[in-house]
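What follows is a predicted structure for the sequence shown.
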Amino acid sequence: MTTPHAIAPVPLRAGERLALALAREEMMRDYHRWETDPATVVGFGARWPVSWEVFQARFRSIHTSSHYQLFEVITAADGIPVGTTSLSVDQSVNCAEFTLVIAPEHRGLGYATEATALTLDWAFSIASLSAVWLEVLAPHTPAVNAYLKAGFRAAGRLRDAALWHGKRVDKLLLDCVPDDLAAEKR
């Protein structure tokens, strides 16, 4: 369960139920707990969770980089942290890889689609990126559906490229460009 914090997150981009805020160092323990949840580990196609020490060092080093942005996803009404999204920018092509983690206690509430859409809106309207892409495991249908609903499109498939509960599965590549979102609004 998320612990109360002295400094409330400041919303940067608000949607209907959620908002994006800057990631906060005081939330690192929660972020680590969310990322080491077994369902998150499986969803990322990883074999092991990352240790606290590695996570902490990565968190601190990433936040000094102009090529990476970690957002805290909060409820718009009361600022309760429910997850994170990130954009890892390859400046040579002006594109970014997207990742999403929803806290275990907030999964199944439809937050993934809105958090993804808010991050795509930031990526294109504020960061002026040309494209955003992601990798997702084919059997992770709730994630695939959320990403597609938010505006991503199928871009490719790597066969047997990942593990899902000990079995080889396909890794899907999805991408989104500004015109994809503009077409949805018409």
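Received the coordinates, thanks.

ok, which stretches of the protein are strands?
According to DSSP state E, the chain carries its strands in the segments 11-14, 18-22, 68-75, 81-90, 95-102, 131-137, 153-164, 167-176.

Go ahead and name everything in contact with the shortest one.
I take that to be strand 11-14. Contact partners of strand 11-14, identified using C-beta atoms under 8 Å, 6 or more residues apart in numbering, comprise Ala19, Leu20, Ala21, Leu22, Phe71, Ile74, Ala76, Gly79, Leu118, Asp121, Trp122, Ile126. All C-beta atoms are positioned from the backbone trio N, CA, C, and that covers glycine.

tell me the pLDDT at the first one?
Residue-level confidence at Ala19 comes out at 98, pLDDT.

separation between it and Gly83?
Computed with C-beta to C-beta, to the nearest Å, the distance linking Ala19 and Gly83 is 12 Å.

Thought Glu25 was touching Pro72, still the case?
For residue 72 the amino acid is Glu, not Pro. No: applying C-beta atoms under 8 Å, one finds Glu72 not in contact with Glu25, separated by 11.0 Å.

residue ranges with poor pLDDT in this structure?
1-6, 64, 184-186 (pLDDT under 70).

What's the local residue count around the spatially closest residue to Leu18 that is not a sequence neighbour?
For Leu18, ignoring the flanking residues on the chain, the nearest one in space by C-beta to C-beta, 6 or more residues apart in numbering is Glu114 at 4.8 Å. Using other C-beta atoms under 10 Å, Glu114 is surrounded by 20 other residues.

so Glu114 touches Glu16, yeah?
Yes: contact criterion C-beta under 8 Å: Glu114 and Glu16 qualify, at 6.7 Å.

List the residues that contact the residue nearest the centre of the chain.
Centre of the chain computed as the mean C-alpha position; nearest residue by C-alpha atoms, centre = their mean is Leu100, 1.8 Å away. Going by C-beta under 8 Å, 6+ apart, Leu100 touches Gly83, Thr84, Thr85, Ser86, Ala112, Ala115, Thr116, Thr119, Ala143.

The last one and Ile80, how far apart?
So the one you mean is Ala143. Using C-beta to C-beta, we find Ala143 at a distance of 22 Å from Ile80.

and Gly110, backbone torsions?
Dihedral pair for Gly110: phi 80, psi 20, per degrees, to the nearest 10.

Identify the contacts common to Ala19 and Gly83.
Common contacts of Ala19 and Gly83, defined by C-beta under 8 Å, 6+ apart, comprise Val73.
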